[in-house]
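# Starting from these lines, generate the structure:
(chains A and B)
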Amino acid sequence: MTPRAAFWRGYRDCAPFILIVAPYSMLFGVVARDAGLDVVQTMSMSVLVIAGASQFTAVALLQDHAPVLIALLASLAVNLRMAMYSAALVPHVGHARLWVRAVMAYLMVDQAFAVAVRTYEDRHDMTPAAKVAYYFGCMMLICPFWYGFTFAGAVLGQAVPASWSLDFAVPVCFIALVAPLLRTGTHRVAALVSGVAVLGFAWVPWSLGLIIAALAGIVAGAQAELWLARRRVPA
Amino acid sequence: MIDAGDFWLLTGLMAVGTFAIRFSFLGLLGGRELPGWLLLHLKYVGAAVFPALILPLLAWPAATGGETDPIRLVAALAAFLAGMRLSVIWAIVAGMGTLYLLQVLFA
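You can find the predicted model right below:
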């Protein structure tokens, strides 16, 4: 596969995800305007951060008057999964020049990452250059839709009446993101412990209850996995 | 109302922090292996962070003045079930759809 063919293949392979990216980014535009941000602020966040879940997190916490540090920790925690993406890409595109890898890092989004790594693992005939081109093909499709539909949402957002209860779109988006993660028992333990803890620690000032709950959930999930592993080992 | 200074400070820090996370291994650490204990804990970050964000928004929604709203709880459950069994898009459709349906029926 030539790099040019790989680029267009990536472009086509990621096309179905437009169905997710377009409404999701539009929703961010609407919700951000609803929270009181202007169009420039909304677009700046989408272009500079380009990570939807963390942007929803940041807007929800700012609106709730949480301190900047807490909003930062929570939104970066939401993005930590991308450290794993970054590690997973090294064997495939780690050879590229530093500035190319920097652009790749900026463009790293969930769906396109998943498609790219699956293709690299399925197709053994791809040259290193084709892998890089394929990656950019994926991201070059997703990215303009991300910007464009954020803008559409930000402009149209003011026309949305309060009776549409768009505030509810924020927890619904988070639910949509977390539900597929909860298919194993240990992940459910992590979610349950975190959920109970966040309600129990709601009285803690500066939204610190959020951080406490997340850490408790992470430790609970990891401990549950270790406990299961020990139990499987015959005594 | 969101303070403009807070907004720009947070957005700037998020941009730098998110880029640092994305660039981490690809850019700087190369093919180095992560320690096992860290990988074990990283696996549960998503499952633990999202419920901590979701539950306060469901239990005390700002739109109702902090009153727990049974309609929102049912709609959240519908979104969760659709997300588990179907997909991201269906979870959003099920959640908002259930909310609107119940609001029309009971409001």
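
# Nearest residue to the middle of chain B?
The residue lying closest to the centre of chain B (CA atoms, centre = their mean) is residue B:50, at 4.6 Å.

# got the contact list for residue 106?
Using chain A. A:50, B:19, B:22 (CB atoms under 8 Å, 6 or more residues apart in numbering or on different chains). For every residue, glycine as well, the C-beta is placed using N, CA and C.

# please go with chain B instead
residue B:71.

# Test my guess that residue B:50 contacts residue A:176.
No - shown here, residue B:50 and residue A:176 do not form a contact pair, counting by CB atoms under 8 Å, at 9.8 Å.

# can you map out the helices along chain B?
B:4-23, B:36-42, B:45-59, B:70-85, B:88-106 (DSSP state H).

# From the contact counts, what lies against the longest one?
Think helix B:4-23. Packed against helix B:4-23, as judged by 3 or more CB pairs under 8 Å, 6 or more residues apart in numbering or on different chains; DSSP states H and E, are the following elements: helix A:39-49, helix A:52-63, helix A:68-79, helix A:81-93, helix A:98-106.

# I'd like those helices laid out as a markdown table, including mean pLDDT.
Converted to a markdown table, those look like this (pLDDT from 0 to 100):
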| stretch | mean pLDDT |
| --- | --- |
| helix A:39-49 | 96 |
| helix A:52-63 | 90 |
| helix A:68-79 | 91 |
| helix A:81-93 | 83 |
| helix A:98-106 | 94 |
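
# Now render those helices as TSV, adding distance to residue B:61.
Converted to TSV, those look like this (distance: least, CB to CB, whole Å):
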stretch	distance to residue B:61
helix A:39-49	22
helix A:52-63	11
helix A:68-79	18
helix A:81-93	27
helix A:98-106	35
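
# So which of the ones you listed is the most surrounded?
helix A:52-63 (a mean of 24; mean count of other CB atoms under 10 Å in any protein chain shown).

# now it against helix A:39-49, angle please.
Helix A:52-63 runs at 130 degrees relative to helix A:39-49, counting by axes from the mean of the first three to the mean of the last three CA atoms, to 10 degrees.

# near chain B at all, helix A:52-63?
Yes - contact of helix A:52-63 with chain B (CB under 8 Å from any CB of the partner chain) involves A:53-54, A:57-60, A:62-63.

# would you put the C-alpha positions of that helix in PDB?
Included here for helix A:52-63 are C-alpha records, laid out as PDB according to Å, rounded to 0.1, in the frame of the first residue of the first chain:
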ATOM      1  CA  GLY A  52     -14.800  16.100  24.200                       C
ATOM      2  CA  ALA A  53     -15.200  14.300  27.500                       C
ATOM      3  CA  SER A  54     -12.700  16.600  29.300                       C
ATOM      4  CA  GLN A  55     -14.300  19.700  27.700                       C
ATOM      5  CA  PHE A  56     -17.700  18.700  29.100                       C
ATOM      6  CA  THR A  57     -16.100  18.000  32.500                       C
ATOM      7  CA  ALA A  58     -14.400  21.400  32.500                       C
ATOM      8  CA  VAL A  59     -17.500  23.300  31.600                       C
ATOM      9  CA  ALA A  60     -19.700  21.400  34.100                       C
ATOM     10  CA  LEU A  61     -17.200  22.100  36.900                       C
ATOM     11  CA  LEU A  62     -16.600  25.700  36.100                       C
ATOM     12  CA  GLN A  63     -20.400  26.300  36.000                       C
END
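
# near chain B, anything from the helix or strand that contains residue A:156?
Using DSSP states H and E, residue A:156 falls within helix A:128-156. No - on the criterion CB under 8 Å from any CB, helix A:128-156 is out of touch with chain B, staying 10.7 Å away.

# Can you check the pLDDT for residue B:34?
Residue B:34 is assigned 67 on the pLDDT scale.

# typed the wrong thing, it's residue A:230
91.

# Same check on the one 4 residues further on?
Predicted confidence (pLDDT) at residue A:234: the value is 63.

# what does residue A:16 give?
77.

# Please report phi then psi for it.
Backbone geometry at residue A:16, expressed as degrees, to the nearest 10, gives phi -60, psi -20.

# Next, work out how far apart residue A:48 and chain B are.
Per CB to the nearest CB, to the nearest Å, residue A:48 is found 4 Å from chain B.

# Name the nearest residue to that residue, ignoring sequence neighbours.
residue B:15 (3.8 Å; CB to CB, 6 or more residues apart in numbering or on different chains).

# Relative to residue A:86, how far out is the one you found?
16 Å (CB to CB, to the nearest Å).

# just residue A:232 next, same as before
Taken as CB to CB, the span from residue A:232 to residue A:86 is 31 Å.

# ditto for residue B:24
Distance from residue B:24 to residue A:86, by CB to CB: 5 Å.

# quick one: low-confidence parts of chain A?
For chain A, the stretches with pLDDT under 70 are A:234-235.
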